[in-house]
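J.: Sequence and computational prediction follow.
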Amino acid sequence: MSTFPGYRPRRLRCSSGFRQLMRETLLTPADLIYPLFVVHGKNVCQEISSMPGNYHWSVDRLPAEVEEVAELGIPAVILFGLPAEKDPLGEENFSPDGIVQQAVRAIKDAVPEQMVITDVCMCEYTSHGHCGVIHERPAYCKGKGLPNGCLDNDATLQVLSKVALSHAEAGADMVAPSDMMDGRVGVIRTALDEAHYECVGIMSYAAKYASAFYGPFREAADSPPQFGDRTGYQMDPPNAREALREVAMDLAEGADVVMVKPALPYLDIIRQVRDRFDHPLAAYNVSGEYSMVKAAAARGWLDERRVALETLTSIRRAGADMVITYWAKDVARWLSET
Ligand code: PBG
């Protein structure tokens, strides 16, 4: 018997009822957003090799998939599109018949209550694979930048607002700019409001780091940069205070939800944003976080279900209100079994 005050054998923790009652953080399907990759063609449901358990879907197959997502209690999907053709500006990105626009219409016709978020970026659509408009590098620019040119921030804003507007016209509930250009939230907000899409929200990838964890996604979305990298416009991993400034700017420009991405290597950023701001906070449990567990689980090194639930709970515990995750459907099933 210990004489230390407060010491008691923690036998109580042995009962799952007790653990449930004491739980500070809950993970439920209602906190999750499920990413979907949409491609041209008919009757396509092709597994993405770098992200087992995730698929390229053609538009005709999407409604059934989203109905399943809705039945599992997952309130939202986020769409990524793979265009038929790429070009320097990414024309399909803002075409009324673009792949994402078609997908939004099909989903909203079939499952109107499901929230549809669209990723707004240029990299899947551009031939160079960068998230913005590339211009020849001006002579005065001696910086390192991209080897073949300069990313034109303000020209990119014009394209992004056209993309966001076309997604709103197709019926998206919320647009999610993931490009990391400066000023995009304000420009998109103005464009939406002027066209009377005041009720379409903006989820801003506010603190998006130049991360190696996006590797598997770039195969899924066919979006690797053809030269250079994204370090010029995405955030430098060692910086935390800069993330708070990015979040503050996006909120000032009218973001409804701010996001930290990736999630697991940036739990401290999620916590700091949560402590500093009252706004809805999303975290993106990105492709690398998912696929490394899948790969280890395939070798029998990790228990996928336990690792996934622990990871997603940690993201919620750090302060995220909602989590974008490739495990969303699995989580809903796992939680209903326990
Ligand atoms: C587009 C975009 C990326 C991701 C989401 N939107 C790739 C990138 O920035 O390179 C990554 C998502 C993931 O890895 O799951 N800019």
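T.: Done, it's in.
J.: Going by C-alpha atoms from here, please, whenever you check contacts or count neighbours.
T.: Fine.
J.: all helices of the stretch 51-200 of the chain, in order?
T.: 62-71, 99-110, 153-170, 184-194 (DSSP state H, counting those that start in this stretch).
J.: pLDDT below threshold where in the stretch 101-250 of the chain?
T.: 138-148 (pLDDT under 70).
J.: For whichever residue of it sits closest to the ligand, the count of nearby residues, please.
T.: Residue nearest to the ligand within the stretch 101-250 of the chain: Tyr214 (3.4 Å; CA to the nearest ligand atom). For Tyr214, the neighbour count with other CA atoms under 10 Å is 17.
J.: wait, what's in contact with Leu27?
T.: By CA atoms under 8 Å, 6 or more residues apart in numbering, the residues touching Leu27 are 312-313, 316.
J.: Just send these back as a markdown table, with pLDDT and distance to the ligand too.
T.: Compiled in a markdown table, the contacts of Leu27 are given as follows (pLDDT from 0 to 100; distance: CA to the nearest ligand atom, whole Å):
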| residue | pLDDT | distance to the ligand |
| --- | --- | --- |
| Leu312 | 98 | 14 |
| Thr313 | 98 | 18 |
| Arg316 | 98 | 18 |
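J.: Please tell me which one of these counts the most neighbours.
T.: Going by other CA under 10 Å, Leu312 tops the contacts of Leu27 with 27 neighbours.
J.: Narrow the contacts of Leu27 to those in helices?
T.: Taking DSSP state H, the ones among the contacts of Leu27 that sit in helices are 312-313, 316.
J.: Does Val38 touch Ala84 like I think?
T.: No - proximity of Val38 to Ala84 does not meet the contact threshold set by CA atoms under 8 Å, at 10.9 Å.
J.: Who has more neighbours out of those two?
T.: Using other CA under 10 Å, the more surrounded residue of Val38 and Ala84 is Val38, with 25 against 12.
J.: Spell out the residue ranges of the strands in the stretch 1-150 of the chain.
T.: Assigned by DSSP state E, counting those that start in this stretch, the strands in the stretch 1-150 of the chain fall at 32-39, 45-47, 55-58, 76-81, 115-120, 133-135, 150-152.
J.: Can you say which of those is packed in most?
T.: Mean neighbour count (mean count of other CA atoms under 10 Å) peaks for strand 115-120 among the strands of the stretch 1-150 of the chain, with a mean of 25.
J.: Provide a list of residues in contact with the nearest residue to Asp256 once chain neighbours are set aside.
T.: Take Asp256 and drop its neighbours on the chain: the residue closest to it by CA to CA, 6 or more residues apart in numbering is Ile202, 5.4 Å away. Taking CA under 8 Å, 6+ apart as the criterion, Ile202 is in contact with 174-177, 185, 189, 254-257.
J.: do the same with Pro262
T.: Going by CA under 8 Å, 6+ apart, the list of residues near Pro262 reads 208-209, 211, 213, 283-286.
J.: do Val59 as well
T.: 38-42, 99, 102-103, 106.
J.: Need the distance between the two termini of stretch 51-65.
T.: 17 Å (CA to CA, to the nearest Å).
J.: Please state the offset of it from the chain centre?
T.: Its chain's C-alpha centre and that of stretch 51-65 lie 17 Å apart, by CA atoms, centre = their mean, to the nearest Å.
J.: repeat for stretch 87-99
T.: 20 Å.
J.: That one close to the ligand?
T.: No - for stretch 87-99, no contact with the ligand is found by CA under 6 Å from any ligand atom; the gap never falls below 12.6 Å.
J.: contact partners of that stretch?
T.: 38-40, 59, 81-86, 100-102, 122, 125-128, 133-134, 159, 162-164, 166-167, 170.
J.: follow-up on the earlier one: put together TSV for the contacts of Leu27, with distance to Gln234 on each row.
T.: Formatted as TSV, the contacts of Leu27 follow (distance: CA to CA, whole Å):
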residue	distance to Gln234
Leu312	24
Thr313	26
Arg316	24
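J.: any idea which of the residues you listed is the one closest to Glu242?
T.: Within those, proximity to Glu242 (CA to CA) peaks at Arg316, which comes in at 22.0 Å.
J.: residues from the stretch 151-300 of the chain in reach of the ligand?
T.: So far as CA under 6 Å from any ligand atom goes, the stretch 151-300 of the chain lies against the ligand at 178-179, 214, 217, 286-287.
J.: Most neighbours out of these, which is it?
T.: Those, ranked by neighbours (other CA under 10 Å): first place Asp179, 26 neighbours.
J.: Just confirm that residue contacts Cys131, I think it does.
T.: Yes - using CA under 8 Å, Asp179 is in contact with Cys131, at 5.3 Å.
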